[in-house]
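Peer 1: Return a 3D structure for these sequence lines:
(chains A, B, C and D)
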Protein chains: 2
Amino acid sequence: MSITTSEAPKPTESARRQKTRERLMDAAFEVFSEVGIHAATVEMIAERADFTRGAFYSNFDTKEELFLALAERGNNQRLALLRQSVEHMDQILPEILGAPGAKLQPENLGLLVTSFLDQQNENSYWFLFQSELRLLAMRDPAVGSIYLEQKAAAETEFANIISAALRAVGLSSELNPLELASVLTTTYESTLQEAIMQGGPQVQKIAHELVRTKLVALITQLAR
Amino acid sequence: MSITTSEAPKPTESARRQKTRERLMDAAFEVFSEVGIHAATVEMIAERADFTRGAFYSNFDTKEELFLALAERGNNQRLALLRQSVEHMDQILPEILGAPGAKLQPENLGLLVTSFLDQQNENSYWFLFQSELRLLAMRDPAVGSIYLEQKAAAETEFANIISAALRAVGLSSELNPLELASVLTTTYESTLQEAIMQGGPQVQKIAHELVRTKLVALITQLAR
DNA sequence: AACTTTCGATACACCGGTGTATCCAATACA
DNA sequence: TGTATTGGATACACCGGTGTATCGAAAGTT
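Peer 2: Take a look at the predicted model:
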């Protein structure tokens, strides 16, 4: 243990490593989404990242470890995305509303929702991965608490956004924000799920359309 | 192919067979629910049914075939249960309402929902199995259409029940019955899921409580 | 430019699950 | 009761995935 080399040693050593870790994680994310954790083999993952299994085992101990790492990374990305779309809403809201302080017309609600969803630049990959995680979470308590934590975080974030949006638009709901958020995301997800099952190539489009109409219908009922 | 033996031959031969098939299916249902399709091995299933793998392969070709058979059986059972609870509702409604034609008091809505849920005598086994099916359905189009079909059937059934119940109780919703049913079951399932993740031993209780309060809150908003 | 270290590739031993071919017992039939 | 048939058990060959031990090349150090 030399105390002299105070800064440089690790960062450089890690530079390459970190890159391959990233590549492996990206590959794993795809593979997991496509075929599920169980069907996914270490080989598939390595291969898709243009590595061999050797590289994998040099970087991760087990498939499961990688999966959990992935879950965390994904959640962070998602949270970031949510926060970011707050700003976007601030930009787009005035345009939709017209005069400041005006109340939202029902026919414009669709625009609002659509714009929000677009921000989330939907890859249904994420949803498939999430479904995998969810299933795991119901069987393994350790995974379960991770999942619940993530979900809670995402929903509080989302609840804030909604409250703000509703306020800005002159609406309010009798449900408390968290419950409202919960119902909406739940509906959102189940709709996306349906789209995935129906959709061959144009999942994206189907999903988008389905989700929009459903959510608008719901919000119309729940907020006034 | 003898045309003479018109009746007896098959039924007897099948008697034993059918029984072991049943036992295998019951066992499989449990195993699938507990560890998932992929982690489940033919051996586990056979063993739990007190057979060896020999018996399994004598009755089914693959694990997947069994799984699908199970999905169908389960769905039928569930539909039957739904239909049956209509009758039960007819019995219990007058008691809750008091005077015939009276409007439901909000504080009694909980009773109604609870009673309905009790009818479904929830084993969260079914939900876990269903989750497994759902995940499969998102990846395999063949399974997908089966799932969607089943889901549609269950939801129409449920929609009818709800409409009838609301009418009987002097409420109505602006959402169409199917959408209402969809939102409610979705919320129901996501809540049950949460309970499973939180719950150690008393999943049942937690689930029940959670579901009831959540659903009541929702219905209060959606139907008036 | 030699050396050293780090990281990924290659090769191999191992294990668990599958599916099949064969055998034995119970039941059906005469 | 003897014979035929059916259904489940046993044994085995096979395969795919895992994880480890070894090696070689490229980057980092002096």
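Peer 1: dump the residue contacts of A:T156.
Peer 2: For A:T156, the contacting residues are A:L178, A:A181, by CB atoms under 8 Å, 6 or more residues apart in numbering or on different chains. The way it works is simple: take the backbone N, C-alpha and C, and place the C-beta from them, glycine included.
Peer 1: Can you tell me the element it falls in?
Peer 2: When elements are defined using DSSP states H and E, A:T156 is found to belong to helix A:141-169.
Peer 1: Packing partners of the helix or strand following that helix?
Peer 2: Towards the C-terminus, the helix or strand next in line after helix A:141-169, according to DSSP H and E, is helix A:177-198. In terms of contacts (3 or more CB pairs under 8 Å, 6 or more residues apart in numbering or on different chains; DSSP states H and E), helix A:177-198 is packed against helix A:124-139, helix A:141-169, helix A:203-222, helix B:124-139, helix B:141-169, helix B:177-198, helix B:203-222.
Peer 1: Just want the angle from helix A:177-198 to helix B:203-222.
Peer 2: Orientation check (axes from the mean of the first three to the mean of the last three CA atoms, to 10 degrees): helix A:177-198 against helix B:203-222 gives 100 degrees.
Peer 1: Just give me how far helix A:177-198 sits from the chain centre.
Peer 2: Relative to the chain's own centre, helix A:177-198 is displaced by 13 Å; criterion: CA atoms, centre = their mean, to the nearest Å.
Peer 1: same question, stretch A:167-183
Peer 2: Averaged C-alpha coordinates place stretch A:167-183 at 21 Å from its chain's average position (CA atoms, centre = their mean).
Peer 1: The helix holding A:T156 vs helix B:177-198, what angle?
Peer 2: Helix A:141-169 and helix B:177-198 meet at an angle of 140 degrees, taking the same axes, to 10 degrees as the criterion.
Peer 1: so helix A:141-169 versus helix A:124-139, what angle?
Peer 2: Computed by the same axes, to 10 degrees, the angle between helix A:141-169 and helix A:124-139 is 130 degrees.
Peer 1: Mind listing what's buried along helix A:141-169?
Peer 2: Along helix A:141-169, these residues count as buried under the neighbour rule (16 or more other CB atoms under 10 Å in any protein chain shown): A:143-144, A:146-147, A:150-151, A:154-155, A:157-163, A:165-166, A:168-169.
Peer 1: I'd like the helices and strands packed on helix A:177-198 written out as JSON lines, with mean pLDDT added.
Peer 2: As requested, the helices and strands packed on helix A:177-198 are exported to JSON lines (pLDDT from 0 to 100):
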{"stretch": "helix A:124-139", "mean pLDDT": "95"}
{"stretch": "helix A:141-169", "mean pLDDT": "92"}
{"stretch": "helix A:203-222", "mean pLDDT": "87"}
{"stretch": "helix B:124-139", "mean pLDDT": "95"}
{"stretch": "helix B:141-169", "mean pLDDT": "92"}
{"stretch": "helix B:177-198", "mean pLDDT": "93"}
{"stretch": "helix B:203-222", "mean pLDDT": "87"}
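Peer 1: Which stretch among these approaches B:V86 most closely?
Peer 2: B:V86 lies closest to helix B:141-169 among the helices and strands packed on helix A:177-198, at 5.8 Å (CB to CB).
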